[in-house]
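K.L.:
Sharing a model prediction with you, sequence too.
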Amino acid sequence: MKRMVLIGLVAGALLATGAWAETAQQERMKSCNADAGKQQLSGDARKAFMKSCLSGGAMPGSKATTQQQRMKDCNAEASGKQMKGDARKAFMKSCLSGKSN
């Protein structure tokens, strides 16, 4: 009987402290990952976005940071020019760094 009470108290304490709940970082990872998927980011662009988002950059659904906006603009321009492969990577690198194209 004492064991059952002790187990119940420990389980209650774990639930109360959120030890079994998702951490804020896990929630942020899910949100950032979903947002990167919505933006159809891949490769280095996705890595850069995830790094920014997970390190405390703008949360998905909030006002985009300047770098995120630049990424969207550069991505849209590259898509408009129907760039693919190495040419797209080179263009994105140049565009994101702010150098003239």
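P.N.:
Yep, it's here. The shown structure was predicted, so the numbers you read here are calculated from the model rather than taken from an experiment. Numbers count the residues shown, from 1 in each chain.

K.L.:
Pull the number of nearby residues for Met83.
P.N.:
Residues lying near Met83 (other C-beta atoms under 10 Å) number 15. For the C-beta atoms, the positions are set from N, CA and C on the backbone; glycine is no exception.

K.L.:
Now the residue sitting nearest the centre point of the chain: phi and psi?
P.N.:
Compute the mean C-alpha point of the chain, and by C-alpha atoms, centre = their mean the closest residue is Cys32, 2.7 Å away. Cys32 adopts backbone torsions of phi -60, psi -40, taken as degrees, to the nearest 10.

K.L.:
okay, the closest residue to it other than its chain neighbours: pLDDT?
P.N.:
Nearest non-adjacent residue to Cys32, counting by C-beta to C-beta, 6 or more residues apart in numbering: Cys53, 3.7 Å away. On the pLDDT scale, Cys53 is placed at 83.

K.L.:
What's the separation between Cys53 and Asp86?
P.N.:
According to C-beta to C-beta, to the nearest Å, Cys53 stands 26 Å off from Asp86.

K.L.:
Looking at those two, which has the bigger crowd around it?
P.N.:
Cys53 (21 against 8).

K.L.:
Sketch out the strands for the chain, chain order is fine.
P.N.:
Using DSSP state E, no strands are found in the chain.

K.L.:
how about low-confidence regions in it?
P.N.:
Within the chain, the segments meeting pLDDT under 70 span 5-6, 8-22, 56-65, 99-101.
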